[in-house]
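1. Got a predicted structure here, sequence first:
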Amino acid sequence: MSGTPQLLAISDLHIGHAENRAIVEGLQPDHPGDWLIVAGDVAETTTDIKWALELLKSRFDTVIWVPGNHELWTTAKDLVQLRGVRRYEHLVAMCRRLGVLTPEDEFPVWTGDGGPVRIAPLFALYDYSFRPEGANTKEEALAIAHEAGIVCTDEYFLHPDPYPSIDAWCHARIAETERRLAACDPDVPLVLVNHWPLVRQPTRVLRYPEFAQWCGTELSADWHTRFNTATAVYGHLHIPRHTEYDGVPFQEVSLGYPREWKPRGLPAKLLKPVLRARVAS
Ligand SMILES: [Fe+2]
Ligand SMILES: [Fe+2]
């Protein structure tokens with residue numbers, strides 16, 4: 001056990017893969033007071049999502065979840081066939097029953113090591129604005145992706161109902177999220193948690209640049225400077241790393257698929273202490 005409780009984070013658990021489920025079964029806090037951020041892509045079915053979040057909540061003092069694209073898929077193998085907003089609301093209600101915090105709850109304040117910081121779990125989605133070279137519209141971006149054979153599975157399973165499109169749903173989320181962030185006390189730094197990166201830069205290292213259009217929105221590009229931000233935590237890209245933009249640390253905390261983590265091996269610490277830099281300084 002380490003000396004003091006930590007604010008920890010992980011994302012992209014993808015427990016539909018047996019090896020990843022075994023990893024989640026082994027996740028333990030270092031300290032009974034540790035908090036855990038789960039930054040999306042736990043699994044595709046509500047049964048699996050509930051299993052993982054319930055287990056983690058039984059072990060960690062506080063668990064904070066944001067949805068990834070995979071939680072929002074409506075697939076034939078899920079008992080719950082709700083789509084879009086109603087599916088998201090169903091997951092939020094499930095989290096409430098489990099005692100897991102979501103973007104729909106009051107933003108909690110961490111007062112332990114590296115604090116005080118306000119943790120803002122966000123659900124900002126994406127709007128196809130991280131367009132590939134040569135595309136000026138969403139339609140052109142999608143056409144280039146189809147031509148290249150790089151099309152995100154979201155196109156088949158992530159439904160925007162009742163919005164007419166994912167970008168329309170994203171824009172509604174952006175407006176609501178900006179309102180909430182602007183209402184936060186500017187003297188308490190924020191930990192911005194979103195499944196998709198809030199800025200485009202991390203997508204520049206994607207193997208297939210056409211995929212970036214499913215990875216975020218230009219509308220959140222200045223949030224880390226406009227709002228007092230200690231650090232931003234994200235996943236989705238399955239490229240775990242630390243970067244810094246405008247002096248603000250960004251941390252990709254994904255586990256990823258077994259085919260991705262096996263070649264490089266699992267890191268010594270699967271759960272990332274997100275305020276490490278603040279504690280060290
Ligand atoms: Fe993922
Ligand atoms: Fe994802």
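-> Ah, there it is. Residues are numbered from 1 along each chain as shown. Ligands and ions are numbered 1, 2, ... in the order given.
2. Run a quick neighbour tally on residue 182.
-> 10 (other C-beta atoms under 10 Å). C-beta here means a position set from N, CA and C on the backbone, and glycine is covered the same way.
3. Return the set of buried residues in the host helix or strand of residue 169.
-> In the assignment (DSSP states H and E), residue 169 maps to helix 166-182. If you call a residue buried by 16 or more other C-beta atoms under 10 Å, then helix 166-182 has these buried ones: 166, 167, 169, 170, 171, 173, 174, 177, 178, 181.
4. Include distance to residue 237 when you put those into a markdown table, please.
-> Formatted as a markdown table, these follow (distance: C-beta to C-beta, whole Å):
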| residue | distance to residue 237 |
| --- | --- |
| 166 | 18 |
| 167 | 20 |
| 169 | 21 |
| 170 | 18 |
| 171 | 22 |
| 173 | 20 |
| 174 | 20 |
| 177 | 20 |
| 178 | 23 |
| 181 | 23 |
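5. And those, which is closest to residue 263?
-> residue 166 (31.9 Å; C-beta to C-beta).
6. With only the CA atoms kept, save the helix holding residue 169 in CSV.
-> Taking Å, rounded to 0.1, in the frame of the first residue of the first chain, the C-alpha atoms of helix 166-182 are listed here in CSV:
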residue,chain,number,x,y,z
ILE,A,166,-24.1,12.3,-34.2
ASP,A,167,-22.8,15.8,-35.0
ALA,A,168,-26.1,17.3,-33.9
TRP,A,169,-26.0,15.3,-30.7
CYS,A,170,-22.4,16.4,-30.2
HIS,A,171,-23.3,20.0,-30.7
ALA,A,172,-26.0,19.8,-28.1
ARG,A,173,-23.6,18.2,-25.7
ILE,A,174,-21.0,20.9,-26.4
ALA,A,175,-23.4,23.7,-25.5
GLU,A,176,-24.5,22.0,-22.3
THR,A,177,-20.9,21.1,-21.3
GLU,A,178,-19.6,24.7,-21.9
ARG,A,179,-22.4,26.0,-19.8
ARG,A,180,-21.5,23.7,-16.9
LEU,A,181,-17.7,24.4,-17.2
ALA,A,182,-18.3,28.1,-17.2
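7. What mean pLDDT does that helix get?
-> For helix 166-182, mean pLDDT rounds to 98.
8. Near ligand 1, which residues of this protein are found?
-> Within the chain, the positions lying close to ligand 1 (C-beta under 5 Å from the ion) are 12, 41.
9. residues touching whatever residue of the chain ends up closest to ligand 2, list them.
-> Residue nearest to ligand 2 within the chain (C-beta to the ion): residue 236, separated by 3.8 Å. Residues in contact with residue 236 (C-beta atoms under 8 Å, 6 or more residues apart in numbering) are 11, 12, 40, 41, 68, 69, 195, 196, 197, 215, 254.
10. surely the fourth one meets residue 16?
-> No: distance between residue 41 and residue 16: 10.1 Å, which falls outside the contact criterion (C-beta atoms under 8 Å).
11. separation between the residue of the chain closest to ligand 2 and residue 215?
-> Per C-beta to C-beta, to the nearest Å, residue 236 is found 6 Å from residue 215.
12. shared neighbours of the two, anything?
-> With C-beta under 8 Å, 6+ apart, residue 236 and residue 215 have common neighbours 196, 197.
13. Residue numbers of the stretch 1-150 of the chain in contact with ligand 2?
-> So far as C-beta under 5 Å from the ion goes, the stretch 1-150 of the chain lies against ligand 2 at 41, 68, 69.
14. Make JSON lines out of those residues and add distance to residue 159, secondary structure and pLDDT.
-> Shown next, in JSON lines, are these (distance: C-beta to C-beta, whole Å; DSSP: H, G, I helix; E, B strand; the rest coil; pLDDT from 0 to 100):
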{"residue": "41", "distance to residue 159": "17", "secondary structure": "coil", "pLDDT": "99"}
{"residue": "68", "distance to residue 159": "15", "secondary structure": "coil", "pLDDT": "99"}
{"residue": "69", "distance to residue 159": "12", "secondary structure": "coil", "pLDDT": "98"}
